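Trainee: could you look at this predicted model? Sequence included:
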Number of protein chains: 2
Amino acid sequence: MQIAIPLFDDLTALDAIGPYEVLSRLPGAEVVFVGADARPYVSDNGMLRMHADATLDAVPAPDIVCVPGGVGVRRELDGPIVPWVRAAHASSTWTTSVCTGSLLLGAAGVLNGLRATSHWLSLERLRDYGASPTSERVVEQGGVITAAGVSSGIDMALVLVGRIAGDEVAQAIQLSIEYDPQPPYDAGSPEKAPVAAVELVRAAVAERERRASARVTA
Amino acid sequence: MQIAIPLFDDLTALDAIGPYEVLSRLPGAEVVFVGADARPYVSDNGMLRMHADATLDAVPAPDIVCVPGGVGVRRELDGPIVPWVRAAHASSTWTTSVCTGSLLLGAAGVLNGLRATSHWLSLERLRDYGASPTSERVVEQGGVITAAGVSSGIDMALVLVGRIAGDEVAQAIQLSIEYDPQPPYDAGSPEKAPVAAVELVRAAVAERERRASARVTA
């Protein structure tokens, strides 16, 4: 079972690494990081480089596609990942996304007429692609699964492993990564977080997008 | 504020990327991935390469040290990361670990006389370093914080951000990564998981250690 995760500059690393850490533990699975070129890609804050070991062209028909998000998505809407997703989706068993990766699925036409989710700050943008924005952590629509912001990819991947290999394997993977979450606050959604925290995030994301677009222009 | 995360071959990627994703969002923070050499390091399953942009020597005195784990730890117990941690700990404000990274803290003498945690399968090995194995998700002992297996680094980093920047910033970061965990199973600790899942994990970890040691020998 081949699982392809496309990388691009200014992606959010945990969007990719959460599902990778779960799906790579599926017996018989091979996760391959792919990119427009086989090279390192830099994360949204400029602090981490992760390698795509294969080009998109070299991995045309993975069993599972998992598309991460990040501020780089805006640029990628016009790039080679979108047509790659469209073609890969025609033969994939599962096509999935984390965070604003769902906008790339949308641009590829995968979400038309489906319920889907994204990072809470970008949820409404799904309407541009004929999808119904759905404020849930994991939204499963046949073979298409979208997950909410960043960390939700871990939950999504566990759901997916359950579908593929059954509850026992999924539980074993949850145990192997000791995923027994105990966040010190209950502020993980805009409904639960204090208003001041919501405003801090809006400002930080705007700043991150400004910086990323400055890097592109430079 | 400089945050150093050492990379090494056969590390568990999420051990490093969980805390990175949280700590990189701390205002004014710079996360730097360091290694014995400035080169890409391969994850424990051979499927991902992440770059260390600086050598250990180039980052001798970070404010925060965060050491990930993985099957590669066994080899690193005799490598350059241990003396680097020992020296860095002398001037760091916080010295932290995720998963079996705590064994590297132990080998560096950081845990002597302290309560500490690790991946549940390796907890007892902490006794070799004078630490009291403590089956909790995040164990804080003054400036030394150890976290349990793999995914627990996210919780640990949120605790740390709360200490450094206050509850509101930590809540904003939790919200920005939409960390509102909803795992589809409640199997994240050996006490909660079905016996069959526990046995699957023991077998998978033994296999992973066998493969990693075969890669070293090769």
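Mentor: Thanks, I have the structure now.
Trainee: what separation do you get for the closest residue to A:Val22 other than its chain neighbours and chain B?
Mentor: Nearest residue to A:Val22, sequence neighbours excluded (C-beta to C-beta, 6 or more residues apart in numbering or on different chains): A:Ala157, at 3.6 Å. Heads up, the C-betas are built off the backbone N, CA and C, glycines and all. Per C-beta to the nearest C-beta, to the nearest Å, A:Ala157 is found 10 Å from chain B.
Trainee: who are the packing partners of the helix or strand A:Ala157 falls within?
Mentor: Assigned by DSSP states H and E, A:Ala157 belongs to helix A:152-165. When contacts are defined as 3 or more C-beta pairs under 8 Å, 6 or more residues apart in numbering or on different chains; DSSP states H and E, helix A:152-165 sits against helix A:13-23, strand A:64-67, strand A:94-98, strand A:138-141, strand A:144-147, helix A:167-176.
Trainee: average pLDDT for the lengthiest helix in chain A?
Mentor: Longest helix in chain A, counting residues (DSSP state H): helix A:195-217. The pLDDT scores in helix A:195-217 average 83.
Trainee: quick one on the thing from earlier: what are the buried residues along the helix holding A:Ala157?
Mentor: A:152-162, A:164-165 (16 or more other C-beta atoms under 10 Å in any protein chain shown).
Trainee: what of stretch A:165-174?
Mentor: So, applying 16+ other C-beta under 10 Å, buried residues of stretch A:165-174: A:Ala165, A:Glu168, A:Val169, A:Ala170, A:Gln171, A:Ala172, A:Ile173, A:Gln174.
Trainee: turn the residues you listed into CSV, including pLDDT and distance to A:Ser43.
Mentor: Listed next are the buried residues of stretch A:165-174 as CSV, based on pLDDT from 0 to 100; distance: C-beta to C-beta, whole Å:
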residue, pLDDT, distance to A:Ser43
A:Ala165, 97, 30
A:Glu168, 95, 34
A:Val169, 95, 30
A:Ala170, 97, 28
A:Gln171, 97, 31
A:Ala172, 97, 30
A:Ile173, 97, 25
A:Gln174, 98, 26
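Trainee: now, which of those residues sits nearest B:Phe33?
Mentor: A:Ile173 (25.6 Å; C-beta to C-beta).
Trainee: list the contacts for the closest one?
Mentor: A:Val22, A:Arg25, A:Leu26, A:Leu158, A:Val161 (C-beta atoms under 8 Å, 6 or more residues apart in numbering or on different chains).
Trainee: send over the helix or strand of chain A with the lowest mean pLDDT as CSV, restricted to the C-alpha atoms.
Mentor: Within chain A, judged by mean pLDDT, DSSP states H and E, the helix or strand with the poorest mean is helix A:195-217; its value is a mean of 83. Output in CSV follows, covering the C-alpha atoms of helix A:195-217 (Å, rounded to 0.1, in the frame of the first residue of the first chain):
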residue,chain,number,x,y,z
VAL,A,195,-11.9,35.6,22.7
ALA,A,196,-8.4,37.0,23.3
ALA,A,197,-6.8,33.8,22.1
VAL,A,198,-9.0,33.8,19.0
GLU,A,199,-7.8,37.3,18.2
LEU,A,200,-4.2,36.4,18.8
VAL,A,201,-4.5,33.6,16.3
ARG,A,202,-6.1,35.8,13.7
ALA,A,203,-3.3,38.3,14.0
ALA,A,204,-0.5,35.6,14.0
VAL,A,205,-2.0,33.9,10.9
ALA,A,206,-2.2,37.3,9.0
GLU,A,207,1.4,37.9,9.9
ARG,A,208,2.5,34.4,8.8
GLU,A,209,0.7,34.9,5.4
ARG,A,210,2.4,38.3,5.0
ARG,A,211,5.8,36.8,5.7
ALA,A,212,5.3,33.9,3.3
SER,A,213,4.1,36.2,0.5
ALA,A,214,7.2,38.4,1.2
ARG,A,215,9.4,35.3,0.7
VAL,A,216,7.7,34.5,-2.6
THR,A,217,8.1,38.1,-3.9
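Trainee: and the direction of that helix versus that of helix B:167-176, what angle?
Mentor: Taking axes from the mean of the first three to the mean of the last three C-alpha atoms, to 10 degrees, one finds that helix A:195-217 is oriented at 60 degrees with respect to helix B:167-176.
Trainee: contact partners of helix A:195-217?
Mentor: A:9-10, A:44-46, A:71-72, A:74-75, A:121, A:187, A:190, A:193, B:25, B:168-169, B:171-172, B:174-176.
Trainee: now stretch A:30-37
Mentor: Contacts of stretch A:30-37 (C-beta under 8 Å, 6+ apart): A:1-8, A:16, A:20, A:23-24, A:41, A:50-56, A:58-59, A:62, A:79-81, A:84, B:45, B:47-48.
Trainee: shaky segments in chain A?
Mentor: Scanning chain A for pLDDT under 70 picks out the ranges A:215-218.
Trainee: kindly recompute the last result at 90.
Mentor: A:204-218 (pLDDT under 90).
Trainee: from what I can see A:Val98 touches A:Ile17, true?
Mentor: No: the criterion here is C-beta atoms under 8 Å, and A:Val98 misses it with A:Ile17 at 9.9 Å.
Trainee: report how many residues lie close to A:Ala214.
Mentor: By other C-beta atoms under 10 Å in any protein chain shown, the residues close to A:Ala214 number 9.
Trainee: if I look at it, how far off is B:Ala203?
Mentor: Per C-beta to C-beta, to the nearest Å, A:Ala214 is found 50 Å from B:Ala203.
Trainee: could you work out the end-to-end span of stretch A:132-146 for me?
Mentor: Start and end residues of stretch A:132-146 are separated by 12 Å (C-alpha to C-alpha, to the nearest Å).
Trainee: is chain B contacted by that stretch?
Mentor: Yes: Stretch A:132-146 is in contact with chain B by C-beta under 8 Å from any C-beta of the partner chain, via A:Arg137, A:Val138.
Trainee: could you confirm whether any residue of stretch A:10-21 contacts chain B?
Mentor: Yes: using C-beta under 8 Å from any C-beta, we find that stretch A:10-21 touches chain B at A:Thr12, A:Ala13, A:Leu14, A:Ile17, A:Gly18, A:Tyr20, A:Glu21.
Trainee: out of these, which is most surrounded?
Mentor: Result: A:Gly18 is most packed of those (other C-beta under 10 Å), 35 neighbours.
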